[in-house]
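Asks: Sequence first, then the predicted structure:
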Amino acid sequence: MASDSSDSEVENTSRSKRNLKRKRDESSDNESNDEDNEGSEVNTPKFRINPMNVIKNKEIRKKLYKKQQQQKKKEQKRARRQRKEEGGPRSTGHTIESLREKDHTTVDNLEDSDQEELQLELQTDEFSEYFNREITPKVLITYADNPLTKTRKFGIELARIIPNSWAKIRNRSSIKKMVKSATKENFTDVIIINENNHEPNGMLVIHLPNGPTAHFKLSNVKITKEIKRSHEEFTKHRPEVILTNFSTRLGLTIGRMLGSLFHHDPEFKGRRAVTFHNQRDYIFFRHHRYQFTKEGTRAKLRELGPRFTLKLRSLQEGTFDSKCGDFDWMITNKRHAMEGRRRFFL
């Protein structure tokens with residue numbers, strides 16, 4: 001037993017000596033490599049020192065930072081001026097709207113000879129009587145059962161904007177009964193505002209007497225009091241209606257439907273304008289009044305309110321029928337997943 005322990009001690013000491021010798025050799029090799037690389041500048045790293053980290057005085061750091069920002073703005077302004085003088089094309093970048101996929105139902109210009117078939121359809125569609133000035137719009141605005149304060153105020157403000165319109169409580173009447181009674185009273189359209197969680201969240205527009213019916217998702221509703229710098233008082237002149245970016249056959253139908261809610265003869269003396277702007281299938285509604293300068297060369301827009309956003313959910317033939325109705329178009333989650341983000345329908 002004693003001989004075994006002595007042998008193990010000898011082996012351990014010899015192993016430690018070998019490790020020490022290896023470390024000495026490695027250190028000597030590293031020193032020789034450092035001496036060889038002293039004259040070479042390629043392997044020596046260079047570090048850029050930020051003066052902001054060196055200066056300890058806070059006030060001096062602020063002045064230096066301000067000076068750097070001013071110099072940066074001057075360089076950017078100089079570069080913009082140079083690009084403008086050279087007259088090169090200005091890069092606007094890419095957006096989802098600019099990368100939109102071409103739709104085979106896109107209508108570029110109704111006056112083209114290629115659109116004769118569409119022109120004939122528009123002359124006989126459900127809104128042709130309005131655009132031929134044969135009827136005057138008469139709109140009924142109502143709500144879901146037991147509407148809350150904001151929903152009622154939103155309907156009242158819509159009635160102030162849309163000429164020849166009335167806001168009334170529904171009184172638990174079904175939509176079919178309401179459509180029949182509205183048709184007897186010579187209403188041309190019915191607007192039903194739905195709500196959820198104390199907020200308006202849906203709008204149903206029914207064109208009488210034979211449809212169509214459009215169901216919209218309603219979001220971002222701001223009544224006049226909720227809009228900063230809005231102006232509640234405005235004249236009762238009939239507003240001008242502006243419809244922009246409705247470029248497909250479906251979008252053309254929706255644009256004609258929204259436009260037919262208003263009187264076809266605007267009164268420009270009131271300087272009021274109602275805008276339905278379509279962008280990425282979201283329809284943004286704004287209500288403004290023109291304000292001209294004293295010289296009359298420039299005009300400003302004063303928002304009157306309300307404002308909201310519409311998203312088309314379905315377009316149904318005829319008046320509203322949730323069970324047996326035929327739909328011309330309906331949005332689904334599967335359809336959006338298959339079509340992709342760059343495919344728009346309006």
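Replies: Alright, I've got the coordinates.
Asks: Just the pLDDT at residue 258, thanks.
Replies: pLDDT, residue 258: 95.
Asks: One more: the one 4 residues further on?
Replies: Model confidence at residue 262, expressed as pLDDT, equals 95.
Asks: OK, contacts around it?
Replies: 137, 162-163, 238-239, 241, 274 (C-beta atoms under 8 Å, 6 or more residues apart in numbering). No exception for glycine: its C-beta is placed from N, CA and C like everyone else's.
Asks: so which of the residues you listed is the most crowded?
Replies: Ranked by the number of neighbours (other C-beta atoms under 10 Å), these place residue 239 first, at 25 neighbours.
Asks: just so I have it, where are all the strands in this structure?
Replies: 139-143, 165-167, 189-196, 199-207, 213-222, 240-244, 272-279, 282-292, 299-303, 307-316, 327-330 (DSSP state E).
Asks: right, and the ones you listed - which one's nearest residue 229?
Replies: strand 299-303 (7.3 Å; C-beta to C-beta).
Asks: where in the stretch 101-250 of the chain is pLDDT low?
Replies: Low-confidence segments of the stretch 101-250 of the chain (pLDDT under 70): 101, 103-104, 108-114, 230-232.
Asks: One more pass at 50, please.
Replies: Confidence mapping of the stretch 101-250 of the chain against pLDDT under 50 gives zero matching residues.
Asks: To what extent is the residue lying closest to residue 234 once chain neighbours are set aside buried, counted in neighbours?
Replies: Excluding the flanking residues, the one nearest residue 234 by C-beta to C-beta, 6 or more residues apart in numbering is residue 304, at 5.2 Å. Counted with other C-beta under 10 Å, the neighbours of residue 304 add up to 24.
Asks: quick one: residue 65 and residue 72, what's the gap?
Replies: 11 Å (C-beta to C-beta, to the nearest Å).
Asks: same deal with residue 246?
Replies: Taking C-beta to C-beta, one finds residue 246 at 43 Å from residue 72.
Asks: So which of those two has more stuff around it?
Replies: residue 246 (21 against 10).
Asks: these two touch, right, that one and residue 277?
Replies: No. Counting by C-beta atoms under 8 Å, residue 246 sits too far from residue 277 to count as a contact (9.4 Å).
Asks: So residue 259 is in contact with residue 242, correct?
Replies: No. The criterion here is C-beta under 8 Å, and residue 259 misses it with residue 242 at 9.3 Å.
Asks: the more surrounded of the two?
Replies: Set residue 259 next to residue 242 and count neighbours by other C-beta under 10 Å: residue 259 wins out with 19 against 13.
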